[in-house]
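[1] Sharing a model prediction with you, sequence too.
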Amino acid sequence: MSELALLLIRLAFLAVLWFFVIAAVGVIRTDLFGPRTAPSANPRKLPTKPAKNIPAKPKRGEPRQMVVTGGPLQGTIINLTEQPITIGRATDSTLVLSDDYASSRHAQLFPQDGQWIVEDLGSTNGTYLDRSKVTRPTPVPLGTPIRIGKTVIELRK
Amino acid sequence: MTTAPVAEAPAVPMTAKRRGAQLAMLAFAIVVVMGAYASVGLGLDGQIPSGTFTYGLGLAALMFAAYGVLAKWAPWADPLLLPLVTLVNGLGLVIIYRIEQTGQGGASATNQLMWTALGVVMFSATLIVLKDHRALQRLTYTMGFIGLGLLIMPLLPFVGREINGARIWIGVGPFTIQPAEFSKLALVIFFAGYLVAKRDVLALAGRRLLFIDLPRARDLGPVLATWGLSLGVLILQKDLGSSLLVFGTFIVMLYVATQRTSWVLIGILLFIGGAVLAGQLFDHVQARFEVWLHPELPEYYDRELGGSYQLMQGLFAFGSGGILGTGLGEGFPDLIPLSFSDFIMAVVGEELGLTGLMALLMVYALIVQRGLRTALAARDPFSKLLAGGLSFILAWQVFIIVGGVTRLIPLTGLVTPFMSAGGSALLANWILIALLVRMSDAARRPPPQAIQNEGLTQVFTR
């Protein structure tokens, strides 16, 4: 085996090793740079969608995220979809609280006619929207704190 | 899979199984390892070694079996953990094979492959048995006792063995096991469970003095106990690495749980205090410091026990490797004592150079990143702490040993995770990865849909 061939093998191996690292980073690039928003993909999709899906599309000014702004889970972000969000100590909740002041099924948030509604599910210590106790399903304005035990969440764009 | 169209909601990046990516990366990792084997053979005697395909196919069979278990029992798990670990473990096998070829005693690639197989079995067993990692939270104190017991075990008469000046082994028949490797897992589980229960009182109670928040004296208890424990291990077993590992992990988990910098300051002060004290009191600790500061002095270089010969040989190896390395199979790993265990990174540095070493460290960094990502995505506080703690202990271990070998910090004996020859560490680290996989599966699984029609009973699957 000639000296040159060995050199080439050596360089090739290092290149392959680094290519592996780069490929691995490529697999997780959504983690690093966020989901790729593809504006070009939307127009192509829209015509194929039946009309019933169109009202569900978030318009300007509608919340897209639920952010935990206080309490032990502070910083958690849940992206809003069509699905209701349940909050409580039950392990199958969307947001699982470990808070003595929260009930196992404490409250839920669900979308209705382009608005997100908060509903208390009969919790022991109540759900507060801003400062008033939630007694019936109430629409949640953007950026208004919802307090559940020690946890504070709000909806953001 | 219920992924909403992109237009309706910003796609949640974590809810794809990515089986294809996982399989492709796994195959890629195995190809890299086989390439390394072939390269070792070409460098050594100009031909591809006959073992390339048996070792390569053996490794491939093992890893695809692990993949099968993962796809069945943890389908939502992170797609990168297994391929990354496969690469590191496979390269470790290659390097050990390469050292074995020089005839250095103690290195055996066949043994290591056997331990890897056992590791994969442990990985699969953990995934199959542990359906829900939150079961571990109920075992908090049990795990604490198991961890302590395992740590103390080598000190007991009859079972304990002293090898190379450190009493960290126990003998089971013809095998020796390092229980400390398993105890660190149990201790991380204990710390996570304990801190979930106590973190509010640790974070909120206390007085403010100058600019740091002082915790209450009674909350300091567990920290001081861990400090005492790690110092005790250090003194009685002469195992510097493990004590640094346990103490550092506990402080970081405390910081993660409470988000208070004061704990980190207290931890660092306690550790410096402990290290200085140990350096004054114990010869073997003092020797480590001397060797670290002045490895080039002839009196340390020639010293029989605890001299700087090994460290200097490692540094020479790094130096002769340079940027691009000498090439696999063309270095002189036999000049470094114990090159197959603590100093395996020096062999990598010599034969693959800085470029290869950096790639390898990047792979470790990616494994840790996946673990920390799991911690971020986890939905309950216990898994957040456990995943954070487990990934940190892996990162910290790599830092301690690579830092030691490259003379950034004093050298303490620790294995390089997944690479160094040694069964216990390999098994323990495979269990660690299984726990991370289990938690990433739980974290990435789409949340169960809430009850919308109250007349229907919902069935949840875990």
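    Everything's here; your move.

[2] Neighbours of the nearest residue to B:Leu155 once chain neighbours are set aside, how many?
    Closest residue to B:Leu155 apart from its sequence neighbours, by C-beta to C-beta, 6 or more residues apart in numbering or on different chains: B:Leu236 at 5.8 Å. Heads up, the C-betas are built off the backbone N, CA and C, glycines and all. The local packing count at B:Leu236 equals 13, with neighbours defined by other C-beta atoms under 10 Å in any protein chain shown.

[3] which secondary structure element contains B:Leu236?
    B:Leu236 is located in helix B:217-237, with elements delineated by DSSP states H and E.

[4] How about the residues of the stretch 151-300 of chain B by chain A?
    B:Val196, B:Arg199, B:Asp200 (C-beta under 8 Å from any C-beta of the partner chain).

[5] what kind of secondary structure is the first one in?
    The one in question is B:Val196. Three-state call for B:Val196 (DSSP: H, G, I helix; E, B strand; the rest coil): helix.

[6] Hmm, A:Ser98 and it touching each other?
    Yes: counting by C-beta atoms under 8 Å, B:Val196 touches A:Ser98, with 7.0 Å between them.

[7] Identify the contacts common to these two.
    When contacts are counted by C-beta atoms under 8 Å, 6 or more residues apart in numbering or on different chains, B:Val196 and A:Ser98 have B:Pro381 as shared neighbours.

[8] Please produce CSV containing the residues of the stretch 151-300 of chain B next to chain A, extended by pLDDT and neighbour count.
    Conversion of these to CSV gives the following (pLDDT from 0 to 100; neighbours: other C-beta atoms under 10 Å in any protein chain shown):
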residue, pLDDT, neighbour count
B:Val196, 87, 21
B:Arg199, 76, 21
B:Asp200, 75, 16
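
[9] Let's have these in CSV, adding distance to B:Met419.
    What follows is those, written out as CSV (distance: C-beta to C-beta, whole Å):
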residue, distance to B:Met419
B:Val196, 33
B:Arg199, 35
B:Asp200, 40
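
[10] Please confirm that A:Ser93 is located within a helix.
    No: checked against three-state DSSP, A:Ser93 lies outside a helix; its state is coil.

[11] wait, it sits on A:Pro84?
    No: in this structure, A:Ser93 sits apart from A:Pro84 without contact. The criterion is C-beta under 8 Å, and the distance is 10.8 Å.

[12] between those two, who's got more neighbours?
    Counting neighbours by other C-beta under 10 Å for A:Ser93 and for A:Pro84 shows that A:Ser93 has the greater number, 23 against 19.

[13] Buried residues of the helix of greatest length in chain A, list them for me.
    The helix spanning the most residues in chain A, taking DSSP state H as the definition, is helix A:3-27. Buried positions in helix A:3-27, judged by neighbour count with 16 or more other C-beta atoms under 10 Å in any protein chain shown: A:Leu6, A:Ile9, A:Arg10, A:Phe13, A:Leu14, A:Val16, A:Leu17, A:Phe20, A:Val21, A:Ala23, A:Ala24, A:Val27.

[14] coming back round to it: next secondary structure after the helix holding B:Leu236?
    Of the helices and strands lying after helix B:217-237 in sequence (DSSP H and E), the nearest is helix B:240-258.

[15] how about that next one: buried residues?
    In helix B:240-258, residues buried by neighbour count (16+ other C-beta under 10 Å) are B:240-258.

[16] Which helix or which strand is home to the spatially most central residue of chain B?
    The centroid of chain B falls nearest to B:Leu394 when counting by C-alpha atoms, centre = their mean (3.1 Å). For B:Leu394, the host element (DSSP H and E) is helix B:381-405.

[17] Not counting its own residues, what contacts stretch B:27-36?
    Under the criterion C-beta under 8 Å, 6+ apart, residues A:13, A:16-17, A:20, A:23, B:52-53, B:55-56, B:59-60, B:63, B:83-84, B:86-87, B:90-91, B:93-94, B:328 lie in contact with stretch B:27-36.

[18] Kindly format the C-alpha coordinates of stretch B:269-286 as CSV.
    Listed in CSV are the C-alpha atoms of stretch B:269-286, where the atom choice follows Å, rounded to 0.1, in the frame of the first residue of the first chain:
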residue,chain,number,x,y,z
LEU,B,269,-16.8,26.5,47.0
LEU,B,270,-17.4,23.2,48.7
PHE,B,271,-15.6,21.3,46.0
ILE,B,272,-12.6,23.6,46.0
GLY,B,273,-12.5,23.3,49.8
GLY,B,274,-12.7,19.5,49.5
ALA,B,275,-10.1,19.2,46.8
VAL,B,276,-7.6,21.5,48.6
LEU,B,277,-8.2,19.6,51.9
ALA,B,278,-7.8,16.2,50.1
GLY,B,279,-4.7,17.5,48.4
GLN,B,280,-3.2,18.4,51.7
LEU,B,281,-4.1,15.2,53.5
PHE,B,282,-3.6,12.5,51.0
ASP,B,283,-0.5,11.6,49.1
HIS,B,284,-2.3,10.1,46.0
VAL,B,285,-4.4,13.3,45.5
GLN,B,286,-1.4,15.5,46.0
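
[19] tell me the phi and psi of A:Leu142?
    Dihedral angles phi and psi of A:Leu142 (degrees, to the nearest 10) take the values phi -60, psi 140.

[20] I'd like to know how many residues surround it.
    Taking other C-beta under 10 Å as the definition, A:Leu142 ends up with a neighbour count of 12.

[21] swap in A:Gly114?
    Other residues within reach of A:Gly114 by the criterion other C-beta under 10 Å amount to 13.

[22] likewise B:Phe28?
    Burial of B:Phe28 is recorded as 18 neighbouring residues (other C-beta under 10 Å).

[23] SS state for it?
    Secondary structure of B:Phe28, per three-state DSSP, is helix.

[24] how about the longest helix of chain A, does it get close to chain B?
    Yes: using C-beta under 8 Å from any C-beta, helix A:3-27 comes into contact with chain B via A:5-7, A:9-11, A:13-14, A:16-18, A:20-21, A:23-25, A:27.

[25] Quick one: mean pLDDT over that helix.
    For helix A:3-27, the mean pLDDT works out to 91.

[26] circling back: closest to B:Thr406 among the residues of the stretch 151-300 of chain B next to chain A?
    Sorting these by distance to B:Thr406 puts B:Arg199 at the head of the list, at 35.5 Å, by C-beta to C-beta.

[27] wait, the closest one sits on B:Arg260?
    No: in this structure B:Arg199 lies outside contact range of B:Arg260 using C-beta under 8 Å: 9.9 Å.

[28] about what we covered before: name the helices or strands packed onto the helix holding B:Leu394?
    helix B:179-204, helix B:240-258, helix B:344-351, helix B:353-377, helix B:423-444 (3 or more C-beta pairs under 8 Å, 6 or more residues apart in numbering or on different chains; DSSP states H and E).

[29] Identify each buried residue in that helix, please.
    By neighbour count with 16+ other C-beta under 10 Å, helix B:381-405 contains the buried residues B:381-402, B:404-405.

[30] between that helix and helix B:353-377, how big is the angle?
    160 degrees (axes from the mean of the first three to the mean of the last three C-alpha atoms, to 10 degrees).

[31] Low-confidence stretches in chain A?
    A:1, A:30-61 (pLDDT under 70).

[32] can you give me the helices in it?
    Along chain A, the stretches classed as helices by DSSP H are A:3-27, A:29-33, A:41-45.

[33] domain ranges for chain B?
    If the domains of chain B are taken from automatic domain parsing, they occupy B:19-75+B:77-129+B:282-444, B:137-194+B:214-251+B:262-279, with pieces of a single domain joined by a plus sign.

[34] does B:Ala21 really touch B:Asp78, like I thought?
    No: here B:Ala21 lies out of contact with B:Asp78, judged by C-beta under 8 Å, at a distance of 10.5 Å.

[35] Look at those two and report which has more neighbours.
    Under the criterion of other C-beta under 10 Å, the comparison of B:Ala21 against B:Asp78 puts B:Asp78 first, with 27 against 18.
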